[in-house]
Structure formats: structure tokens, C-alpha cells
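**Q** What shape does this take:
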Amino acid sequence: MTIDAEKASARKYDYIVVGGGTAGCPLAATLSTNYSVLLLERGGSPYGVPEIENADAFGKPLDETDNYTSIAQTFISEEGVSNARARVLGGGTALNAGFYSRASSEYVRNMGWDEALVEKSYEWVEKQNAFRPDHLSRWSSVFRDGFLEAGVLPYNGYTLDHLDGTKISASTFDSRGKRHTAADLLRSANPDNIIVHLNATVSRILFNSQSEGTKDHSFQKPRARGVEFMDRRGRSYDALLNESSRSSEVIVSAGALGSPQLLLLSGIGPSEHLNEFNISLLLDLPFVGQRIQDNPRASVALQSPTPLEFSSIQVVGILKGSQTYIESSSMVNITVSSHPMYIGYIFEKLAFPLSRGELRLVSRDPRDNPSVRYNYYSHPLDLQRCVQSVSLIVNLLNTRSLERFVYAAANESSPEFHFIGQALPENPLDHAAMAQFCHATLNTIWHYHGGCELGPVINERYKVNGVDSLRIVDGPTFRDSPGTNPQATTMMLGR
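**A** Purely as a prediction, here's the structure:
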């Protein structure tokens with residue numbers, strides 16, 4: 001149930017989950033089976049909001065943003081790449097393109113996860129939030145056929161598994177075009193054990209003093225005892241854990257920006273950086289906010305000479321032995337003259353970039369975005385892999401399947417594609433031109449992660465090193481982005 005801030009702060013809880021996003025919602029629902037849970041979300045409800053719920057409104061929340069109240073909060077990396085983070089119950093699942101696909105078996109093993117438990121957790125999510133498409137759009141059908149012509153084999157048909165080749169996967173949009181977010185997973189919660197408080201921005205984690213609670217006042221690790229949060233009017237409240245239970249915990253699931261930001265605001269991080277903002281040092285943990293990543297995206301947009309319907313991602317090409325995934329979508333853009341323009345997008349995701357960056361505070365206000373620098377393409381292999389991926393897109397456009405999107409020439413010259421924005425290089429063997437294309441079309445695919453990695457920041461149980469009763473369960477714990485699209489695995493992790 002949802003209650004106001006005063007009532008939420010008047011109780012004590014076995015678990016306080018910070019962030020009702022992709023991981024936080026399934027996590028809170030699962031814990032509520034046996035424990036009392038407070039879920040604090042800085043945004044509002046996704047329900048009854050057409051811009052979230054309807055597939056044909058995809059992308060609108062990204063166009064209507066502000067600093068403090070909008071569904072999406074825009075931020076710009078230090079390199080100048082525009083990005084966005086969610087501010088709504090359900091997190092990124094309320095904003096994304098809906099494609100649902102699991103991580104690879106190799107990824108699961110590398111993370112050290114229990115494979116049987118991973119399978120059960122995926123299945124729990126999928127019974128509620130993953131839907132098999134009842135048909136492929138015209139653009140997705142052509143895209144699939146083109147991949148097979150271009151040798152992206154085998155064809156795996158429909159599968160949720162991460163497999164080399166070409167495949168169709170599920171969506172969090174159902175057959176009626178209605179989005180299902182991670183917030184839907186809260187329907188599995190025990191309503192008697194959970195409180196969901198919206199529009200509540202956590203400003204810091206509260207800790208017992210290092211000698212508090214010991215009879216002889218001897219040193220012990222700081223222990224999280226609750227959080228301080230503010231409501232939408234900026235009024236501050238405390239929410240506290242049950243003192244009688246040593247197993248009570250604060251669990252941070254505030255996303256790949258919000259989670260390391262909250263640790264820093266709470267005095268956990270590089271001491272020199274915290275000193276810049278006069279934040280009292282609780283624990284010098286140098287790698288908080290370090291080694292963050294964003295998977296760079298290079299893309300082309302084609303104007304279609306024939307009508308296309310809106311289509312989110314339905315098909316993906318996973319190149320065998322490569323570091324690249326290719327996806328596509330289509331849309332209808334109504335121009336000033338009210339004539340529809342039909343556009344097909346093809347884009348590549350660099351799966352495992354070697355370039356890494358850092359996150360730093362810009363103020364002590366938790367509502368402000370931190371500063372992020374991803375250092376895109378700073379490692380030369382990343383740029384080389386982008387060039388290889390764009391070469392595949394060139395091959396894809398040279399297939400017979402894609403010929404139907406070529407415009408007939410007005411004179412004797414060859415028919416050609418009508419590119420919107422940056423055109424592909426005329427000579428795909430010109431490495432410099434292909435590299436320049438990667439730089440010119442550099443964008444985010446919104447799969448940024450890291451900043452609270454296993455080892456330097458958390459242990460294998462997701463507990464923050466050096467303190468008690470504090471865990472992080474969300475995307476900042478990922479070493480690499482899981483699978484073609486991370487939402488499936490992030491919801492699974494929460495479960």
C-alpha cells in the first residue's frame with residue numbers, strides 16, 4: 001500500500017529498499033513475502049499515464065523533461081552525449097523499447113550466480129511481464145530476412161535465450177500495445193508487509209556510530225540504521241530499520257547513477273572527492289563511482305518509400321564470436337506539412353566495451369544529476385569493433401531483402417537509400433571514414449552500468465564492503481551489460 005511521508009516514517013522496517021525501479025520492484029515484492037518492507041521511489045506512479053502505457057507513445061517522456069518532476073531526467077555526459085534516467089515507479093522499464101531477452105549462460109556463470117535460481121527467477125518475471133509477439137512488423141520481417149541473407153546464422157526463431165545468430169524475442173508490451181513495467185511485479189507482494197512511498201528522494205543513508213551498540217564502546221563496522229528522505233516539497237523525514245533485528249538492511253536499487261551517488265552523499269567513497277563537498281567521511285572506498293560504462297551505439301536511419309507501422313525492437317542479430325548486437329525499429333514521423341515520413345532505424349550495440357569512466361558529485365543535492373564521463377572509444381579496440389559492426393550494417397543494406405527500401409533514381413544513376421542524418425560511408429573499406437561514422441553517430445543505448453562493482457565495492461553477497469546492513473542490488477553492480485538488453489536480467493536479479 002502507499003501512504004504519506006509522516007506515516008511511512010512513523011514505522012520501522014525489516015528492509016528499506018531505495019529505488020522502485022527495474023530491480024527494486026521485484027526485490028521489494030520478494031522480500032515482502034516474509035518481512036516488512038518500505039520501498040521508496042523518487043518518482044510517481046506509471047499507471048494511467050498514456051506516455052508510459054501505450055506503445056505508440058514510446059519516446060515521448062524522453063522529449064518532455066525537467067530537473068525535478070518529469071518521468072525522465074535528462075543528463076549529458078562530459079563528452080556531450082545526451083542520456084536519460086528514469087524517475088518513476090518501474091524505473092527504466094517504464095521508458096525503454098520493451099525488448100526482453102535473457103543474458104547468456106556464460107554471463108551467468110561469470111557473475112557466479114546459481115544457475116537454477118537464475119532460471120526460476122527469470123521464469124517468475126516472465127509469467128507476468130514477457131509477451132511473445134503475435135506477429136512481426138513489416139520492417140522487422142525484412143530486417144530478419146536481411147540478417148539471414150547477410151550470414152547472421154543460425155536462425156533461432158523465437159527464444160528468450162541469448163544465442164548466436166538471428167532471433168525473435170519477447171517484449172514487455174503485450175498484444176494490445178500496453179506496456180508492463182517492473183511495477184507490475186509488486187502485484188506479487190504481500191500487501192500486509194509492504195509500503196510503497198512515491199515522490200520520496202533519499203538524501204543519505206543513516207548509520208550507527210562505530211562504537212554505538214557495544215557495551216565497551218569498542219570499534220565495530222558502521223551499521224546502516226535507516227535513511228533520510230525528502231518529499232516533493234523538500235521536507236525531510238527519517239525511515240528506520242527494526243532495531244531488534246540484526247538482519248534488517250537498507251538495500252540500494254537506485255540505478256547506475258543514483259546508487260553510487262547515494263553512497264557518496266552518505267560518506268562512502270573516495271575521501272578526497274568527499275572532502276570537496278564537506279561530506280563527513282564514513283568509509284574511504286576509492287572505487288565508488290569508478291569504472292562506469294555506457295555501451296556506445298552507432299546507427300543509421302532510412303526513409304522508406306512505402307508505409308511502415310510503428311515497431312519497437314522485435315529481432316536481434318548476435319554475431320558469433322563478436323562483441324556486437326544489431327537491432328532495429330521503425331516509426332512514423334508526421335512532418336510539418338502533415339505528410340507522414342516512414343523511418344527505419346538500424347543500430348549496433350557494442351556489447352563489451354573496454355573503455356571505462358567515472359561518476360562524481362556536482363552538489364550535495366540528491367535531486368541533481370552527478371557528473372559522468374564514460375570515455376567512449378578511449379580504448380582503441382572499441383572503435384575497431386564499432387567499425388566491424390558498421391561493416392555488417394553495410395552488408396545488411398546490400399541484401400535483396402533491403403532493396404525494397406531503395407529509392408528509384410530520377411536519372412540514370414543507381415537507385416539509392418535516403419539516409420536521414422549521417423549517411424554510411426561510400427567505401428566500407430575506408431577505415432578512417434568508417435571510424436569517423438562511429439564518432440559522428442555516437443549515442444547511448446541507455447544501458448549504462450557499473451560504479452559499484454563486485455570486489456572493490458561489494459562482496460559476492462552484494463553487501464557493501466566495510467559496513468554492515470547495506471547492500472546494492474541493481475545495474476551498478478554489473479561488470480558488463482547483460483545480454484542484448486539488460487532489463488530481463490535486472491528484474492531477475494531483484495527477484
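
**Q** where along the stretch 1-150 of the chain do the helices fall?
**A** Assigned by DSSP state H, counting those that start in this stretch, the stretch 1-150 of the chain shows helices spanning 5-10, 24-31, 50-53, 60-63, 105-110, 115-129, 138-149.

**Q** Ala254 is nearest to which of these?
**A** helix 24-31 (7.7 Å; Cβ to Cβ). Quick note: C-beta positions are derived from backbone N, CA and C, even for glycine.

**Q** Give me the packing partners of that closest one, helices and strands only.
**A** strand 15-18, strand 37-40, strand 194-197, helix 487-494 (3 or more Cβ pairs under 8 Å, 6 or more residues apart in numbering; DSSP states H and E).

**Q** Distance to His162 and mean pLDDT added to these, as JSON lines?
**A** Shown next, in JSON lines, are the helices and strands packed on helix 24-31 (distance: least, Cβ to Cβ, whole Å; pLDDT from 0 to 100):
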{"stretch": "strand 15-18", "distance to His162": "28", "mean pLDDT": "98"}
{"stretch": "strand 37-40", "distance to His162": "30", "mean pLDDT": "98"}
{"stretch": "strand 194-197", "distance to His162": "32", "mean pLDDT": "97"}
{"stretch": "helix 487-494", "distance to His162": "10", "mean pLDDT": "98"}
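
**Q** Which among the ones you listed is found nearest to Ala301?
**A** Nearest to Ala301, of all the helices and strands packed on helix 24-31, is helix 487-494, at 23.9 Å by Cβ to Cβ.

**Q** Could you list the residues in contact with the closest one?
**A** The set of residues external to helix 487-494 that reach it, using Cβ atoms under 8 Å, 6 or more residues apart in numbering, is 22-27, 30, 92-93, 96, 99-103, 107, 118, 121-122, 125, 129-130, 160, 172, 182, 185, 253, 473-475, 482-483.

**Q** where exactly do the strands run in the stretch 151-300 of the chain?
**A** Per DSSP state E, counting those that start in this stretch, the stretch 151-300 of the chain carries strands over the ranges 155-158, 165-168, 170-171, 194-197, 201-207, 224-230, 236-241, 249-252, 268-269, 283-284, 290-292, 296-303.

**Q** How many residues are close by Ser141?
**A** Neighbours of Ser141 under the rule other Cβ atoms under 10 Å: 15.

**Q** So for it, what's the pLDDT?
**A** Looking at Ser141, its pLDDT reads 97.

**Q** Now do the same contact list for it.
**A** Ser141 neighbours (Cβ under 8 Å, 6+ apart): none.

**Q** tell me the pLDDT at the residue lying closest to Tyr448 once chain neighbours are set aside?
**A** With Cβ to Cβ, 6 or more residues apart in numbering as the criterion, Tyr448 has its nearest non-adjacent residue at 4.0 Å, and that residue is Asp294. The score at Asp294 is 98. That number is its pLDDT.

**Q** For Asp294, list the residues it contacts.
**A** Asp294 sits in contact with 77, 81, 83, 353, 357, 374, 376, 444-445, 447-449, where contact means Cβ under 8 Å, 6+ apart.

**Q** again, 10 Å this time
**A** 77, 79, 81, 83, 256, 350, 353, 355-357, 372-376, 443-450, 481 (Cβ atoms under 10 Å, 6 or more residues apart in numbering).

**Q** Kindly report the same for Pro415.
**A** For Pro415, the contacting residues are 305, 403, 406-409, by Cβ under 10 Å, 6+ apart.

**Q** Which one of the strands of the stretch 151-300 of the chain lies nearest to Cys438?
**A** Nearest to Cys438 among those is strand 296-303; the distance by Cβ to Cβ comes to 5.0 Å.

**Q** Taking their axis directions, the closest one and helix 138-149 sit at what angle?
**A** Interaxial angle, strand 296-303 versus helix 138-149 (axes from the mean of the first three to the mean of the last three Cα atoms, to 10 degrees): 120 degrees.

**Q** in the stretch 351-495 of the chain, which spans are helices?
**A** Using DSSP H, counting those that start in this stretch, helices in the stretch 351-495 of the chain cover 380-397, 431-440, 487-494.

**Q** what's the angle between the last one and helix 24-31?
**A** On the basis of the same axes, to 10 degrees, helix 487-494 is oriented at 30 degrees to helix 24-31.

**Q** Tell me the gap between helix 487-494 and the middle of its chain.
**A** 10 Å (Cα atoms, centre = their mean, to the nearest Å).

**Q** With stretch 100-117 instead?
**A** Distance, centroid of stretch 100-117 to centroid of chain: 17 Å (Cα atoms, centre = their mean).

**Q** Could you do stretch 65-75 as well?
**A** Relative to the mean C-alpha coordinate of its chain, stretch 65-75 is positioned 16 Å out (Cα atoms, centre = their mean).

**Q** start to end distance for it?
**A** Using Cα to Cα, to the nearest Å, one end of stretch 65-75 lies 10 Å from the other.

**Q** and it, which residues are buried?
**A** Across stretch 65-75, burial judged by 16 or more other Cβ atoms under 10 Å covers 70-73, 75.
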